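[1] Curious how this folds, go ahead:
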Amino acid sequence: MLNWDHVFATRSSRMRASEIRELLKLLDKPDIISFAGGIPDPALFPEREFAEAYADLFAGGKAGGALQYSVSEGYLPLRSWLKDEMGRLGIACELDNIFITSGSQQALDYLGKLLLSPGDTALVTWPTYLGALQAFNAYEPLYDQLSIGNRTPESYRAVADGQGSAVKFAYLSTDFANPTGQTVSLEERRRILALADALDIPVLEDAAYQHLRYDGEAIPPILALDIARSGGIDSCRTIYCGSFSKTLAPGLRVGYVVAAKPVIQKLVLMKQAADLHSSTINQMVVAEVAAKHFAAQIGKIRSAYAARRDAMLAALQNHMPEGTEWTRPEGGMFIWVTLPRGMDGAHLLARSVETEKVAFVPGQAFFADRSGANTIRLSYSCANEAMIEEGIRRLGRLVGQALAQAA
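    This next block holds a predicted model:
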């Protein structure tokens, strides 16, 4: 029998199962209240709109094109819609600055492949999006903590030099980040650009939750700030990654990258070598639904998710024991909870699923250095207000019991 471990590339040792994907299996158990999966509520998908778009496509003589191979850059009408949408966000760009991917996860994988050589340093926040760590890990980087506003460029250089490494990029989620729900302020965004200038590196701006703001004033994307100061997108160092997964539907796997043309040109070559192009038919229906229904869909999901966020924040206030802290996001799908000192989120999860029938994600998975054991991520997107109240009540009781036992 072939010893597969002997023939696998060394990079395969960096590939780990997603703790979140494993926890999603709990969603199939009717007795579990799940705050684990950071996924949109399927009850909010625009099913009728998609059904009409697919029907119109096949009835309107476009089926041949929809089922055929397409260009690697992406479906032109979809890129045209995105060009206008980016303009509304302050990101002036051309069609050649936009590239369609099979979900924004593919964008992160491609960017890791494009920018990282083994041993290079990637700057990421502590904690950061688990999917980004999984995408980058295959390209064998080292990680350093991107501490916004609290470190000098020299300190990053010193860490990299000590490892015999080169800093290659800074990655962060700017709005309502997964996992913390926190938003990077305008001043912090400017600091990130100043740091990138000093280190001469690109900024990877993950904007998956850009449109899910419920409170407060919208903040310009880092790419918009970069364009304003540089005079045009092709002079920018920021690479913007977006997705339709959180707004329209994740199953269609349609994401996009907006960046300077030299970056887009390289990504197109990578796609030609990987999967040729993203699904033609899915791009076509996304373009149709976005053009006709995007604003209404955004309004619908904002209203629903805002109510669930408010319910979870109220329940945490009412049921969590003293010594527990949590974020208060202005949008997105997540609340980040810091448990009392000495408590372990993974151990708490095992007890919670067994005794309280409540699931969540232990926070350690989101740290490149595997710290943060006393943190957990809660998602409110797929639970109604009654489930949220009951689930947080049970979870608060469990945390209180653990504190009493430790006393």
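[2] where do the strands sit along this protein?
    33-34, 98-101, 121-124, 142-145, 167-173, 203-206, 238-243, 255-258, 325-326, 334-338, 358-359, 361-362, 375-379 (DSSP state E).
[3] Include distance to residue 316 and mean neighbour count when you put those strands into a markdown table, please.
    For glycine as for every other residue, the C-beta is placed from the backbone atoms N, C-alpha and C. Listed next are the strands of the chain as a markdown table, based on distance: least, Cβ to Cβ, whole Å; neighbours: other Cβ atoms under 10 Å:
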| stretch | distance to residue 316 | mean neighbour count |
| --- | --- | --- |
| strand 33-34 | 14 | 22 |
| strand 98-101 | 35 | 26 |
| strand 121-124 | 27 | 26 |
| strand 142-145 | 27 | 19 |
| strand 167-173 | 22 | 25 |
| strand 203-206 | 26 | 26 |
| strand 238-243 | 28 | 26 |
| strand 255-258 | 32 | 25 |
| strand 325-326 | 5 | 16 |
| strand 334-338 | 7 | 23 |
| strand 358-359 | 13 | 25 |
| strand 361-362 | 16 | 26 |
| strand 375-379 | 8 | 27 |
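[4] Which of these sits closest to residue 350?
    Using Cβ to Cβ as the criterion, the shortest distance between residue 350 and these is 9.5 Å, found for strand 361-362.
[5] Model confidence for residue 21, exactly?
    We have a pLDDT of 59 for residue 21.
[6] ok so, going back, could the strands of the chain go into TSV alongside distance to residue 308?
    Below are those laid out as TSV (distance: least, Cβ to Cβ, whole Å):
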stretch	distance to residue 308
strand 33-34	13
strand 98-101	29
strand 121-124	28
strand 142-145	31
strand 167-173	20
strand 203-206	23
strand 238-243	20
strand 255-258	24
strand 325-326	15
strand 334-338	10
strand 358-359	16
strand 361-362	17
strand 375-379	9
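[7] burial measure for residue 366, as a count.
    By the other Cβ atoms under 10 Å criterion, the neighbourhood of residue 366 contains 28 residues.
[8] For the residue nearest to it when sequence neighbours are not counted, the count of nearby residues, please.
    Leaving aside its chain neighbours, residue 366 sits nearest to residue 127 (3.5 Å; criterion: Cβ to Cβ, 6 or more residues apart in numbering). Using other Cβ under 10 Å, residue 127 has 22 other residues around it.
[9] Now do the same contact list for the residue nearest to residue 170 when sequence neighbours are not counted.
    Residue nearest to residue 170 in three dimensions, not counting chain neighbours: residue 123, with 4.2 Å by Cβ to Cβ, 6+ apart. By Cβ atoms under 8 Å, 6 or more residues apart in numbering, the residues touching residue 123 are 143-146, 156, 167, 169-171, 201.
[10] Which single one of those residues is nearest to residue 36?
    For the contacts of residue 123, the closest approach to residue 36 (Cβ to Cβ) belongs to residue 171, at 23.5 Å.
[11] What pLDDT is listed against that closest one?
    98.
[12] where are the low-confidence patches of the stretch 1-150 of the chain?
    Counting by pLDDT under 70, the ranges of the stretch 1-150 of the chain that qualify are 15-28.
[13] I'd like the distance between residue 308 and residue 366.
    When distance is defined by Cβ to Cβ, to the nearest Å, residue 308 is 21 Å away from residue 366.
[14] oh, I was asking about residue 72
    From residue 72 to residue 366 the distance is 32 Å (Cβ to Cβ).
[15] now residue 186
    Separation of residue 186 from residue 366 (Cβ to Cβ): 25 Å.
[16] ok, the residue nearest to residue 343 when sequence neighbours are not counted - contacts?
    Taking Cβ to Cβ, 6+ apart as the measure, residue 343 lies nearest to residue 374, with 5.1 Å between them; neighbours along the chain are not counted. Neighbouring residues of residue 374 by Cβ under 8 Å, 6+ apart: 338-345, 363.
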